[in-house]
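Chemist: this one's sequence-less:
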């Protein structure tokens with residue numbers, strides 16, 4: 001009976017701990033950082049950036065010769081003290097690889113893994129490299 005009770009208590013503790021939202025990591029402006037889908041970073045009292053998902057990935061696979069490099073689009077959720085916006089950043093162009101929210105510029109540096117023609121990338125396998133700067 002004691003072993004069964006211990007199992008129930010462990011299950012209850014795990015269930016309550018497992019449903020807790022993941023706290024964002026604290027970052028400092030100017031330093032590049034990596035995020036997996038669903039993960040967030042924060043500049044305390046200023047901005048929280050969450051890598052929501054990859055919307056599309058049409059980049060030319062590494063094992064194929066293409067006429068164009070292609071493009072991937074990542075979806076971010078950016079929350080400030082009084083606002084929440086959603087942004088899409090592209091890998092193909094310097095103009096569309098960054099966005100400004102409040103006084104911060106968020107720049108998409110890289111998206112990995114790079115496609116291969118023989119492998120479909122599961123959405124959870126992506127990692128985005130971003131950099132946030134402030135004037």
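Modeler: Good, I have the coordinates. Please read these numbers as outputs of a predicted model, since none were measured by experiment.

Chemist: thinking residue 44 is in contact with residue 28, fair?
Modeler: No - under the criterion of CB atoms under 8 Å, residue 44 is not in contact with residue 28, lying 10.0 Å apart. For the C-beta atoms, the positions are set from N, CA and C on the backbone; glycine is no exception.

Chemist: what about the helices in this protein?
Modeler: 2-18 (DSSP state H).

Chemist: For the residue most central in space within it, give me its contacts.
Modeler: The residue lying closest to the centre of the chain (CA atoms, centre = their mean) is residue 51, at 2.4 Å. For residue 51, the contact set (CB atoms under 8 Å, 6 or more residues apart in numbering) comprises 35-40, 74, 76, 128, 130.

Chemist: In PyMOL, how would I select the buried members of these?
Modeler: Entered in PyMOL, the line below selects the buried ones among these, by 16 or more other CB atoms under 10 Å:
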select buried, resi 35+37+39+40+74+76+128+130
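
Chemist: In strands only, show me the contacts of residue 51.
Modeler: Filtering the contacts of residue 51 for membership in strands, criterion DSSP state E, returns 35, 40, 74, 76, 128, 130.

Chemist: Pull the most distant pair out of these.
Modeler: 40 and 74 (13.7 Å; CB to CB).

Chemist: pLDDT weak spots in the chain?
Modeler: Residue ranges of the chain with pLDDT under 70: 1-22.

Chemist: For the lengthiest strand in the chain, which residues meet the burial criterion?
Modeler: The strand that spans the most residues within the chain, counting by DSSP E, is strand 47-57. Residues of strand 47-57 classed as buried under the neighbour-count rule (16+ other CB under 10 Å) are 47-54, 57.

Chemist: Give the pairing partners of it; include direction for each.
Modeler: strand 40-43 (antiparallel), strand 72-79 (antiparallel) (DSSP bridges).
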